[in-house]
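S.K.: Below are the sequence and a predicted model for it; my questions follow.
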Amino acid sequence: MAAESSGGNIHQGGELTTILDLRMPGDTGAISGVTDTVSEKLTELNVPEEKRMEIALAVQEALANAVVHGCKNDASKQVRCRLERHRDGRIVIVITDPGSGFRLGDVADPKRPEGLYADHGRGVYLIRQLMDEVHFENGGNQIRMWKY
């Protein structure tokens, strides 16, 4: 996997513990390695399989959006992926890219007739279905996803 990792830091007054802090190149080839690393860590944390699968798919979609839209498929740019755990057990994934962001209102609804047969445009919708809470921050170049 072409990613750098560190972890173990405590954030927000001890409520969140950083489990993984990965940086990967803005290259679609790096997505599966980061997704696998997150999944392995979730297994170590005894996250139930169904939740692990949902989180992994949401991470994969968010990383793909970060690479394609935030990095413009430029491997010299980096995407950051953090896995954090709240002290009550909730999982938090934060993905940040160097792009200019986006407005959520500009994202087309893939359930509308014109989006049903499109070959892209379902990532944000899918992430919101898979995760319990999703926030787009820093003008849209950061996504914070919670799984309870």
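M.R.: Ah, there it is.
S.K.: Give me the nearest residue to residue 52, chain neighbours excluded.
M.R.: Distances taken as CB to CB, 6 or more residues apart in numbering put residue 42 closest to residue 52, at 4.6 Å, once the chain neighbours are dropped. Quick note: C-beta positions are derived from backbone N, CA and C, even for glycine.
S.K.: so the one you found sits right up against residue 55, yeah?
M.R.: Yes: using CB atoms under 8 Å, residue 42 is in contact with residue 55, at 6.2 Å.
S.K.: Find residues that contact each of the two.
M.R.: With contacts taken as CB atoms under 8 Å, 6 or more residues apart in numbering, residue 42 and residue 55 have residue 91 as neighbours in common.
S.K.: Could you give the number of residues near residue 71?
M.R.: Per other CB atoms under 10 Å, the neighbour tally for residue 71 reads 22.
S.K.: from memory it sits against residue 96, does it?
M.R.: No: under the contact definition of CB under 8 Å, residue 71 does not touch residue 96, with a separation of 11.0 Å.
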